[in-house]
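Chemist: Build the 3D model from these lines:
(2 chains)
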Amino acid sequence: MLCSLAPILPHSLKKLLLTLPEDVQADLEEIRIREERPLEIGFGGAGFAFVTPQGDLAADAGQAYRPGREECRSLLELLTNHSVYTFEEELRRGYITIAGGHRVGLAGRTVLEQGGVKLIRDVGSFNIRLARELPGAARPVLPHLLDPAARSVHHTLIIAPPQAGKTTLLRDLVRLISRGEWPGQQAAGRASGFGGAEAGGAGASGGRAWSAMGGNAEAKAAGGEGGARYAGRISGLGGAAAHEGRSGAWSAGGPNGFGGEAARAPDWPARKVAVVDERSELAACVKGVPRFDLGPRTDVMDGCPKAEGMMMMIRSLSPDVLAVDEIGRREDAAAVQEAAHAGIRVIATAHGADAADVSRRPALRELLDEALFARIVVLERRREGRAPLRICDSAGRTLYAAEAPAAAGRGG
Amino acid sequence: MLKLIGAMLVVGAAALIGFTMALHYRRRPQQIRQLMHALQRLETEIAYGLTPLPEAFQSIARQIADPLAALFRRAAERLLAADGAPTRDIWSETVNEVWKRTSLGAPEREAVLQLGGVLGLSDRDDQIKHLRLAVGQLAAEEEQSREEHRRYGKMWKSLGVLIGALIVILMY
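Modeler: So this is what the prediction gives:
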């Protein structure tokens, strides 16, 4: 975990942190560096400890190593690629996102301009939050969010307290939807990889054709209806695919034995996903390019106010699914309604213990009263590495409850 | 005969020393001017281009002539190495290295070294202020070095030959 931080840590700190016990290094979540004050690390959920100059952990702040002024200055330098002036916007917002998706929160003396914070000048505290990707965190959840009628996902609200893995879950949902990895899809893909053209799913769901000759030439139809019609044109490479594609219904049974297996998994096209990432948490963009893998069909509006960002993306990027983290204000709710009524599926998250807790917030109550969210996922705080999980429908009926493996990493 | 050749060699060597000294006096204001231009370019890169320091250095290194180009080129290389060294150390190391190969003097070096402590470490306005200050200091030095060139440049040229002649006369 630490090696991805190596380019930004000054020599002395790097050496010190590398002497930490292996298991602590692997579980590291936060490194808190405060000028002339004890060096602190957070690891493995809620644990924290001070670090002594010998690289041991100590509960007593008195024994801890104290990073000096020079160290903090060179840390800031390395964080900003020796160019603090290129990070004025980040210094105004109070955090810097670095390569690898890690985020560094900053505190110090602020400079004001016309009553607002212009930037943080003398940075005295750094909080390096290590980002961890958990591909597959959303796999157990996604099957319960599918909406066969729209061949997409339901409007979904994810509710969880901070650090329960909300953002991680949303990120993985986005990735799966954007890749078109609907649950069961992978198995279907592997089966058909052997060759023999087949348009998976009979009739209504025929949207995908696998080329016999090309093997990897994959024709992906944009819409469900008439998918077979497009399949031949898009694939280009495999003549066989074109041929089979045209007679979609026939090939579902398949000239080979694998067709039937593929039909069981929802064989829907990948969806265009638009992500509004106000706090650079979901995608961890650096210069507009996501550092996390969010799938091939995802667009990210980075650092943009949620309500405004949602409207911009609805208007200009024609998303199928809109993902947004931590809605809560009235404008956010209005934008969610706007999107939902524009035929776009919305996946949002909100802070809270459960649906009742969330509905105490006026803006969100409106959305819940309207039963806009057809699926509500409630995560509870992690306990011993497990994240209890419950999925309800809009009326509050529990559809699924489980102890999912913890979606560790940065909480929202 | 041998004596005559020896005398000519002594005069030639002394003249060469004189000319080199004169050349230094001539080059110093030119290089100060170059350095000022480089810093002004850096100011533009920072103020309008918001270019990160390593890239700004690289583009400056392409635009000016050696030996000063080496200063920016090497500093950029070291900054990009990202091995945890602070800008100030990288800058002063590079300045001290390159300075030997230039005709620049100690006051200029002082002005440029001071810059190393702030380069890239503050917001845009602050960077611009510091760069302007350094350019101002260099401008004063340039004026003085021109004056020195006028005064000592010619003197060194003739002084070399004359000292050579003196030695020859004394030894002959």
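
Chemist: Give the next helix or strand downstream of the strand ranked longest in chain A.
Modeler: Identified as the longest strand of chain A according to DSSP state E is strand A:116-129. Beyond strand A:116-129 on the C-terminal side, the first helix or strand identified by DSSP states H and E is strand A:146-147.

Chemist: Would you mind naming what in chain B lies close to chain A?
Modeler: B:46, B:50-54, B:56, B:79, B:82-87, B:119-124, B:126-127 (C-beta under 8 Å from any C-beta of the partner chain). Backbone N, C-alpha and C define where each C-beta goes, glycine included.

Chemist: Surely residue B:113 is within a helix?
Modeler: Yes - secondary structure assignment (DSSP: H, G, I helix; E, B strand; the rest coil) places residue B:113 inside a helix.

Chemist: what's the burial count for it?
Modeler: 16 (other C-beta atoms under 10 Å in any protein chain shown).

Chemist: May I have the residues that are in contact with residue B:57?
Modeler: Residues near residue B:57 by C-beta atoms under 8 Å, 6 or more residues apart in numbering or on different chains: B:42, B:72, B:73, B:75, B:76, B:79.

Chemist: number of nearby residues for the residue nearest to residue A:110 when sequence neighbours are not counted?
Modeler: Excluding the flanking residues, the one nearest residue A:110 by C-beta to C-beta, 6 or more residues apart in numbering or on different chains is residue A:117, at 4.9 Å. Neighbour count of residue A:117, defined by other C-beta under 10 Å: 13.

Chemist: likewise the one 4 residues further on?
Modeler: Using other C-beta under 10 Å, residue A:121 has 14 other residues around it.

Chemist: Distance check, it against chain B.
Modeler: 7 Å (C-beta to the nearest C-beta, to the nearest Å).

Chemist: Residue A:112 now?
Modeler: From residue A:112 to chain B the distance is 13 Å (C-beta to the nearest C-beta).

Chemist: Then residue A:148?
Modeler: 50 Å.

Chemist: dump the residue contacts of that residue.
Modeler: residue A:266.

Chemist: tell me the contacts of the residue sitting nearest the centre point of chain B?
Modeler: Nearest to the mean C-alpha position of chain B, by C-alpha atoms, centre = their mean, lies residue B:104 at 3.4 Å. Contact analysis of residue B:104 by C-beta under 8 Å, 6+ apart lists B:28, B:31, B:32, B:35.

Chemist: Doesn't the last one lie inside a strand?
Modeler: Which is residue B:35. No - assessed with three-state DSSP, residue B:35 is helix; it does not lie in a strand.

Chemist: What's the nearest residue in the stretch 301-412 of chain A when you look at chain B?
Modeler: residue A:303 (15.9 Å; C-beta to the nearest C-beta).

Chemist: tell me the secondary structure for the residue nearest to that residue when sequence neighbours are not counted?
Modeler: Using C-beta to C-beta, 6+ apart and skipping residues adjacent in sequence, the residue nearest residue A:303 is residue A:280, 6.0 Å away. Following three-state DSSP, the label given to residue A:280 is coil.

Chemist: Give me the helices and strands touching the helix or strand encompassing residue B:4, please.
Modeler: Following DSSP H and E, the helix or strand that holds residue B:4 is helix B:2-44. On a contact count with 3 or more C-beta pairs under 8 Å, 6 or more residues apart in numbering or on different chains; DSSP states H and E, helix B:2-44 meets helix B:53-63, helix B:68-81, helix B:106-116, helix B:124-171.

Chemist: Output the set of residues of chain A in proximity to chain B.
Modeler: Residues of chain A found near chain B (C-beta under 8 Å from any C-beta) are A:7, A:9-11, A:14, A:70, A:73-74, A:76-78, A:80-86, A:88, A:91, A:111, A:118-119, A:121.

Chemist: Please work out which residues outside stretch A:117-124 touch it.
Modeler: The contact list for stretch A:117-124 (C-beta under 8 Å, 6+ apart) reads A:34-35, A:72, A:76, A:88, A:91-92, A:94, A:106-112, B:122-123.

Chemist: Quick one: buried ones out of these?
Modeler: A:34, A:35, A:72, A:76, A:88, A:91, A:94, A:106, A:108, A:110, B:122, B:123 (16 or more other C-beta atoms under 10 Å in any protein chain shown).

Chemist: Now do the contacts for the third one.
Modeler: The neighbours of residue A:72, taking C-beta under 8 Å, 6+ apart as the test, are A:33, A:35, A:123, A:124, A:126.

Chemist: In the stretch 101-250 of chain A, what residue lies closest to chain B?
Modeler: residue A:119 (5.7 Å).

Chemist: Give me the nearest residue to that residue, chain neighbours excluded.
Modeler: Nearest non-adjacent residue to residue A:119 (C-beta to C-beta, 6+ apart): residue A:91, at 3.9 Å.

Chemist: For the helix or strand the one you found falls within, enumerate the helices and strands it packs against.
Modeler: Assigned by DSSP H and E, residue A:91 belongs to helix A:88-93. Where contact means 3+ C-beta pairs under 8 Å, 6+ apart, helix A:88-93 is packed against strand A:116-129.
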